[in-house]
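Trainee: Curious how this folds, go ahead:
(one chain, ligands or ions: 1)
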Amino acid sequence: MLNLGSVGMRKGMLYETVVTTKSRDGSPNAAPIGVICTGEGEVALHLHQGSHTVKNVKEERRFVVNILKDPTVFVESTLGNLSLDSFEKYNQDFYVKNADAFFIAEVTYIKDMEKEDQFGLSTATVLKAEVHDVVKKCECVEPLNRAIYGIIEALVYLTRMDMVSGDMEKLYRHRMSEISRVVNKVGGTEHKKAMKKISEAFSKYDDKSE
Ligand SMILES: Cc1cc2nc3c(=O)[nH]c(=O)nc-3n(C[C@H](O)[C@H](O)[C@H](O)COP(=O)(O)O)c2cc1C
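Mentor: Here you go, the predicted model:
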């Protein structure tokens, strides 16, 4: 059987995917969800309360992770649901028709937990799931990870620091610290190392704000 390595997922990294689930009445649902690769055959999810996804996953104890880069699928599944003809049946589950790859995940552990983050205190459903049936529909599959985009954005801000002042400079500092937070949350060792170098170079501009 193919493992998560075969679809480009590496242990410790968080990927932006579209998760499809099925409700009790059998209708499919899609939503963008961050999937943490915790091993070659295991993923972890943190689900906020109130979504169709968390309800379906608690009831069915299974879901499908779709790896894709289609912006329309991300937008439509965030703002509402995908149209029925965007889904395809795979045995008892549904996947997104134009996914580059997908896999079936069966929940092995699930718990509601209080967590504190930058948004304050909330309850999240934390789960672990075992990976089954990895299906590749494209030869070259690359799951979305925000770290490289963050690093590119951070470099753009860094190289513009000589050109900005006042409120714009404040905004750049604020964005830089948010990018650093994201890269350290979702990236791999090489992303974190790269971000550290950027932050060091950025700190040369600390005097500018004093
Ligand atoms: C890129 C991206 C990643 C997301 N990751 C998560 C996540 O990890 N957990 C979660 O609960 N919601 C996440 N969301 C928010 C859900 O996708 C959003 O609440 C969605 O509307 C839920 O849809 P549903 O009610 O059909 O399940 C994410 C949204 C985006 C755009």
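
Trainee: how close does residue 150 get to residue 89?
Mentor: According to Cβ to Cβ, to the nearest Å, residue 150 and residue 89 sit 36 Å apart. C-beta: built from backbone N, CA, C; applies to glycine.

Trainee: So those two - more neighbours on which side?
Mentor: Higher neighbour count among residue 150 and residue 89: residue 150, with 26 against 10, using other Cβ atoms under 10 Å.

Trainee: Just the residues contacting stretch 144-163, thanks.
Mentor: 13-17, 67, 69, 169, 172, 175-176, 179-180, 182-183, 186-188, 191, 194-195, 198, 201-202, 205, 208 (Cβ atoms under 8 Å, 6 or more residues apart in numbering).

Trainee: 6 Å instead, please
Mentor: Residues outside stretch 144-163 that contact it (Cβ atoms under 6 Å, 6 or more residues apart in numbering): 13, 15-16, 172, 176, 179, 182-183, 186-187, 191, 194, 198, 201-202, 205.

Trainee: just how off-centre is that stretch within its chain?
Mentor: Chain-centre distance of stretch 144-163: 19 Å, with Cα atoms, centre = their mean, to the nearest Å.

Trainee: low-scoring stretches of the chain, by residue?
Mentor: Applying pLDDT under 70 to the chain flags the ranges 208-210.

Trainee: any chance you could map the strands in it?
Mentor: Here the chain has its strands, by DSSP state E, at 14-22, 28-39, 42-48, 62-67, 87-90, 93-96, 101-117, 120-136.

Trainee: Which neighbouring elements make contact with the second one?
Mentor: Spelled out, it's strand 28-39. Applying 3 or more Cβ pairs under 6 Å, 6 or more residues apart in numbering; DSSP states H and E, one finds that strand 28-39 contacts strand 14-22, strand 42-48, helix 71-79.

Trainee: Kindly recompute the last result at 8 Å.
Mentor: The contact analysis (3 or more Cβ pairs under 8 Å, 6 or more residues apart in numbering; DSSP states H and E) places strand 28-39 against strand 14-22, strand 42-48, helix 52-60, strand 62-67, helix 71-79.

Trainee: The third one near the ligand anywhere?
Mentor: Yes - for a cut-off given as Cβ under 6 Å from any ligand atom, helix 52-60 has contacts with the ligand, namely 52, 53.

Trainee: pull the CA atoms of that helix into PDB?
Mentor: Extracted as PDB, the C-alpha positions of helix 52-60 are listed here (Å, rounded to 0.1, in the frame of the first residue of the first chain):
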ATOM      1  CA  HIS A  52     -20.300  20.000   9.500                       C
ATOM      2  CA  THR A  53     -16.900  18.400   9.400                       C
ATOM      3  CA  VAL A  54     -16.600  17.900  13.200                       C
ATOM      4  CA  LYS A  55     -20.200  16.600  13.400                       C
ATOM      5  CA  ASN A  56     -19.700  14.100  10.600                       C
ATOM      6  CA  VAL A  57     -16.300  12.900  11.900                       C
ATOM      7  CA  LYS A  58     -17.700  12.400  15.400                       C
ATOM      8  CA  GLU A  59     -20.600  10.400  14.000                       C
ATOM      9  CA  GLU A  60     -18.800   8.400  11.200                       C
END
